[in-house]
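Novice: Got a predicted structure here, sequence first:
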Amino acid sequence: MKIGIIGSGVVAQTLGTKLVELGHDVVLGTRDPKKLDEKKNMAGSLNEWLASVNPSTGSGRGQAKVASFKEAAIHGEILINATHGQAAVEALHLAGAGEAGSKVLIDTSNELDFGKGFPMALASEGRSVAGNIQAAFPKLKVVKCFNTLAAPLMVNPKMLHGGDHTIFLSGNDAAAKAQVTELLKSFGWTDILDLGDISAARGQEMYMGMWVRLYGSLKNGMINIKVQR
C-alpha cells in the first residue's frame, strides 16, 4: 500500500521504518526536503533514516523516499499526521490535504505546551487536534490513534508484557477505523479499543497528562495501560 507521512521526527521515522519492513511504499514528507542531514526531533537525520530503510539487500521490503509535505499527501492511499499537534492543521494545509479527497488520515499528534519545561501541559481546552483536523478538512476520514504511546511501542507492542496492553482509536468513519485496525494488527496489536466518534479523540489526548506524569515518576517511556473489561 502507498502511505504518505506528514512529518519527519521520531514518530514519522519509527512508523515509516515499520511500514517499509511490512512491504508498504512510504513517502515521508518534510518541510524542506533539501535538509536531509539535520537531526530531527528526537531522531536522526533523514539521510540516516533513508540509509536504514533502503539497504542494498532486503527482499520483500517496501520502498521509502523523502519528499515535500505535498508530495507525501499526493502519494499516500493512507495519510499519517506525525507533526506536532500545535502545527498540525498548518502542516496539512501546506500538504494540500484539502485537495486529497476522502483519504484516511491517521492523526498521531498531541498539542503539548513545552513552554514551562517538564511536565508539559495540554495546550488545548475543550478541543482536540484530531477534531480540529476533521473540521478543517471535512472530506478526510480522520482516525485518532498512536498518540498515547512512545514511538517504539507503536510499532512493537510485544516489547511490553508480550503485547498484553491496549491501544485506542476513534473516528467518524467505520470503514476507515476498520482499515486502521488491520494496520494495527499487522504491527502486532491484539487489544484494540474503539472509543467511538472523533469527539473521543479529546479523551485520548487528555490521557497524555497522565502519561507524562507516569513517565516522570518511572523515568521510563516504555509504558502503557491495559483496559480490563
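Specialist: Thanks, I have it.
Novice: tell me the contacts of Ala130?
Specialist: 107, 142-144, 170-171, 198, 201, 204-205 (C-beta atoms under 8 Å, 6 or more residues apart in numbering). (Each C-beta comes from the backbone N, C-alpha and C, glycine too.)
Novice: in the chain, what spans have low per-residue confidence?
Specialist: Filtered on pLDDT under 70, the chain yields the residue ranges 56-60, 112-126.
Novice: Tell me where it has strands.
Specialist: 2-6, 25-30, 39-40, 43-45, 63-68, 78-81, 104-107, 112-113, 121-122, 141-145, 167-171, 192-194 (DSSP state E).
Novice: Switch the ones you listed over to CSV; also include distance to Leu153 and mean neighbour count.
Specialist: As requested, those are exported to CSV (distance: least, C-beta to C-beta, whole Å; neighbours: other C-beta atoms under 10 Å):
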stretch, distance to Leu153, mean neighbour count
strand 2-6, 18, 25
strand 25-30, 20, 25
strand 39-40, 19, 14
strand 43-45, 16, 16
strand 63-68, 21, 18
strand 78-81, 16, 26
strand 104-107, 16, 28
strand 112-113, 18, 16
strand 121-122, 21, 16
strand 141-145, 13, 28
strand 167-171, 9, 24
strand 192-194, 14, 14
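Novice: State the phi and psi torsions of the nearest residue to Arg202 once chain neighbours are set aside.
Specialist: Setting aside the residues directly before and after it, Arg202 is nearest to Ser128 in space (C-beta to C-beta, 6 or more residues apart in numbering), at 4.2 Å. The phi and psi values for Ser128, taken as degrees, to the nearest 10, are phi -140, psi 160.
Novice: how near is Ser128 to Met206?
Specialist: Using C-beta to C-beta, to the nearest Å, Ser128 is found at 9 Å from Met206.
Novice: Give me the common contacts of the two.
Specialist: With C-beta under 8 Å, 6+ apart, Ser128 and Met206 have no common neighbours.
Novice: Might one say that the residue nearest to Arg202 is in contact with Lys144?
Specialist: Yes: the pair Ser128 / Lys144 is scored as a contact, 7.3 Å apart, by C-beta atoms under 8 Å.
Novice: Of all residues in the chain, which one is nearest the centre?
Specialist: By C-alpha atoms, centre = their mean, the chain has its centre lying nearest to Thr108, at 3.4 Å.
Novice: shared neighbours of Ser128 and Lys144, which are they?
Specialist: Counting by C-beta under 8 Å, 6+ apart, the residues touching both Ser128 and Lys144 are 198, 201, 204-205.
Novice: Most neighbours among the residues you listed, which one is it?
Specialist: Using other C-beta atoms under 10 Å as the neighbour test, those are led by Ala201, with 29 neighbours.
Novice: hmm, back to that, the residue nearest to the centre of the chain: what's its closest spatial neighbour, skipping adjacent residues?
Specialist: Phe146 (4.1 Å).
Novice: For the one you found, the count of nearby residues, please.
Specialist: The number of residues packed near Phe146 is 26, by other C-beta under 10 Å.
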